[in-house]
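**Student:** for reference, the sequence and a predicted model appear below.
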Amino acid sequence: MEDNISKIKDRVDIVELIGGYVKLQKAGINYKARCPFHNEKTGSFFVSPERQIWHCFGCGLGGDIFGFIRQIEGVEFPEALRILAARAGVELEPVRPEFQNLKSRLYEICELSAKFFEKQLHESATGKRALEYLYGRGLTGESIEKFRLGFAPDSWRSLKDFLGRKFNSNEIRDAGLSVRRENSGEDYDRFRSRIMFPIFDLNSQVVGFAGRVFETGSKDTAAGETPAKYVNSPQTPIYDKGRILYGLNHAKMAIRQKGRCVVVEGNMDVIMSHQAGADNSVASSGTAFTDGQLRLIKRYTDNLDLCFDADSAGAIALERGVDLALSHGLNVGVIPIDEEGIKDPADYVRKYGDRWTEIASKSVPFMAYFFDLSKKVFDTSTALGKKLFAQKILPLVASIANKIEQSHWVAEAALALKVKDDFIYSELANVKARRSYTPEEAKGEAVTAHEVTGALSPAEEDLISLLIKEPCLAGSIPESAIPFLSSTFKSIAEHLKIMAGDESVKKDRPDWAVKTLTGNPVFSPISMNIEVAYLKSDELWKDRNIEHLEEEFKNILCHIKRKGIMAKLGSLEYDIKGAEKACDKTSLAKLLAEFSSLTKELVQ
Ligand SMILES: [Zn+2]
């Protein structure tokens, strides 16, 4: 494995690889471009042919060739490895041949089935009626083709017989397309008399289906009950429901370009949205929203807009979706559909066509949405209404990480409830925030987060970039900043200080500092940090003189220290409140003293 990775790295040139995706321009020893991962007018995306890495100073993304393919293609490492191996002409040994083989058989079954259903839709008598129905719902022929809609005939065995020429019944069942009858042990088609929506993975391979009921009689179920409106493929070795979003294969580039992802409820909503031009829309097909799906979205954007049906089930799904998205640190908006008789995006597009694209691009921040909704629903002139309003809103306010934004909503809530801001703040302290996860930002970067992982914070990476340029700066770190620096950073600074004073270390080349860092196995876990710092030292500090570098170094240290103090003050505040509540005078005095000395340090 290691061997293959280095073989691939040897054979694939990063400039050539990335140049195939973005327009690179030579800038000194490096190449520069407009970042493909965030929206920008000037280029802050750099590629270093010397170090074979890339980094964007705008959005902070960076890495090697594998990291680039993972980001731009939106795939996991094994898939990136496969793509690059093919490019490099390196043969990978399959991990488990029999499993690989089964999977490729299942892909083939799903693809053949999709073709079978498509043909039925266009050629069979019932299929043609289904096609008319789809046109009647506002779908164009182009959309039907793009999303490969089909029709499963009203038969217990037509697909099974069709596939049976090439595949055995176990394989067809493994692909989720047939079901075994318990008493007779015989298999029958899972989808009967249904309009078929193939479900695709990121590479547009069919992995499963959703079937919508169409013109079915009582023979669909043994007991003559009404059949379910939707039937979905079960989980299979190629269809991991929690990690597939309907429409993402078509939407991924648009999500990146538009910088946001719209999540709608149904497959029809996705297709109609794309048809109207809102091609950054996806749906969580056949499941409730999952962590895996959100991680998938996060590869493309941090901005998520939810547009769920205007009914009570939709409202519950919306709240859950907002919670989950917040817990992943996404910026969440809501797209309300506020019109009588229109309950979802599909309805809207049918009536107004392209106008949907404009609506879909204007989301309301989730807090504003829930705030207005709660004001409408609860009568805040009554005691009960106030209580319910507070129960609904305060956990949401508590979950806002940004303090300025939070204070805005505290003031709004105070106004709505006709109480003082202070009262809301004290209530907030009692409310357990709905989110269980705190984004890195809120933790105070220099204090703990990076201590544990050993990684460097971005600010520390900047410091290293200065040290690589001017190693003697390592001797100028003031005592007072030390507690706010990570142990990883401190050991790098220490190492450089010793090296700078060591006569035996050759310093004839300007990059001796980075060479001694990358050459030392102690620092190999953070080698990527060091590579990026080196790239930064080149790009950010190229023509700066020593006074300038000293100044920058001091500023960044100061920034880290301030941030550390602010974080410490924040946690002290909580401790002080706790001590006050517990009437613990000894601790309180100690905490207050610490608080005031830190505050003094802050103003210095
Ligand atoms: Zn960027």
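**Tutor:** Sure thing, it's come through.

**Student:** where does the stretch 101-250 of the chain have low pLDDT?
**Tutor:** Along the stretch 101-250 of the chain, the parts satisfying pLDDT under 70 run over 217-225.

**Student:** 80 instead?
**Tutor:** 101, 216-227 (pLDDT under 80).

**Student:** do the same with the stretch 451-600 of the chain
**Tutor:** In the stretch 451-600 of the chain, residues with pLDDT under 80: 451-458, 503-511, 518-529, 531-532, 538-540, 542-543, 567, 570-571, 574.

**Student:** that one against the ion: which residues are in contact?
**Tutor:** Proximity of the stretch 451-600 of the chain to the ion, by CB under 5 Å from the ion, involves no residues. Where C-beta positions appear, they are placed from N, C-alpha and C, glycine not excepted.

**Student:** which parts of the stretch 451-600 of the chain are helices?
**Tutor:** With DSSP state H, counting those that start in this stretch as the criterion, the stretch 451-600 of the chain has helices at 458-469, 487-501, 512-518, 527-540, 546-581, 585-603.

**Student:** in the first one, which residues are buried?
**Tutor:** Right, helix 458-469. Residues of helix 458-469 classed as buried: 459-469 (neighbour count, 16 or more other CB atoms under 10 Å).

**Student:** and it, how far out from the chain's middle?
**Tutor:** Its chain's C-alpha centre and that of helix 458-469 lie 28 Å apart, by CA atoms, centre = their mean, to the nearest Å.

**Student:** that one versus helix 527-540: what angle between them?
**Tutor:** Orientation check (axes from the mean of the first three to the mean of the last three CA atoms, to 10 degrees): helix 458-469 against helix 527-540 gives 70 degrees.

**Student:** what is helix 458-469 packed up against?
**Tutor:** On a contact count with 3 or more CB pairs under 8 Å, 6 or more residues apart in numbering; DSSP states H and E, helix 458-469 meets helix 487-501, helix 512-518, helix 527-540, helix 546-581.

**Student:** tilt between it and helix 546-581?
**Tutor:** Using the same axes, to 10 degrees: helix 458-469 against helix 546-581 is 150 degrees.

**Student:** grab the nearest non-local neighbour of T599.
**Tutor:** Spatial nearest neighbour of T599, excluding adjacent residues (CB to CB, 6 or more residues apart in numbering): L569 at 7.0 Å.

**Student:** for S596, see how far away that neighbour is.
**Tutor:** As judged by CB to CB, to the nearest Å, L569 and S596 stand 10 Å apart.

**Student:** between the two, which has more neighbouring residues?
**Tutor:** Applying other CB atoms under 10 Å to L569 and S596 shows that L569 carries more neighbours, namely 15 against 10.

**Student:** now do the helix or strand that contains Y107: distance to the chain's middle.
**Tutor:** Following DSSP states H and E, one finds Y107 within helix 97-123. Computed by CA atoms, centre = their mean, the chain-centroid distance of helix 97-123 equals 30 Å.

**Student:** then stretch 548-562?
**Tutor:** Counting by CA atoms, centre = their mean, stretch 548-562 is centred 32 Å from the centre of its parent chain.

**Student:** buried residues, that stretch. List them.
**Tutor:** Going by neighbour count (16+ other CB under 10 Å), the buried part of stretch 548-562 is 549-550, 552-553, 556-557, 560-561.

**Student:** show residues contacting stretch 335-344.
**Tutor:** The contact list for stretch 335-344 (CB atoms under 8 Å, 6 or more residues apart in numbering) reads 262, 264-266, 268-269, 305-307, 309-311, 314, 345, 347-348, 351, 359-360, 362-364, 369.

**Student:** 10 Å - rerun?
**Tutor:** Outside of stretch 335-344, the residues within contact range by CB atoms under 10 Å, 6 or more residues apart in numbering are 262-266, 268-269, 272-273, 278, 305-311, 314, 318, 345, 347-352, 356, 359-364, 369, 372-373.

**Student:** so what does the residue in the chain sticking out farthest from the centre look like in phi/psi?
**Tutor:** Using CA atoms, centre = their mean, the residue of the chain lying farthest from its centre is E503. It sits 49.1 Å away. For E503, the backbone dihedrals (degrees, to the nearest 10) come out as phi -60, psi -30.

**Student:** quick one: it from the ion, how far?
**Tutor:** Counting by CB to the ion, to the nearest Å, the gap from E503 to the ion is 42 Å.

**Student:** which residue does the stretch 201-350 of the chain have closest to the ion?
**Tutor:** R256 (10.8 Å; CB to the ion).

**Student:** that residue and G74 touch, don't they?
**Tutor:** Yes - with contact defined as CB atoms under 10 Å, R256 reaches G74; the gap is 8.6 Å.

**Student:** overlap in contacts, the two.
**Tutor:** Going by CB under 10 Å, 6+ apart, residues that sit against R256 and also against G74 are 299-300.

**Student:** that older thread, of all the helices of the stretch 451-600 of the chain, which lies closest to P234?
**Tutor:** Of all the helices of the stretch 451-600 of the chain, helix 527-540 sits nearest to P234, with 40.2 Å by CB to CB.

**Student:** quick check: angle from the closest one to helix 487-501?
**Tutor:** Per the same axes, to 10 degrees, the angle that helix 527-540 makes with helix 487-501 is 60 degrees.

**Student:** in three-state terms, how would the residue lying closest to R194 once chain neighbours are set aside be classified?
**Tutor:** Ranked by CB to CB, 6+ apart and with sequence neighbours excluded, the top spatial neighbour of R194 is G211, at 3.3 Å. Using DSSP: H, G, I helix; E, B strand; the rest coil, the structure places G211 in strand.

**Student:** contacting residues around G211?
**Tutor:** Per CB under 10 Å, 6+ apart, neighbours of G211: 117, 150-152, 190-197, 227-233.

**Student:** tell me which entries of these lie within strands.
**Tutor:** 150-152, 194-197, 230-232 (DSSP state E).
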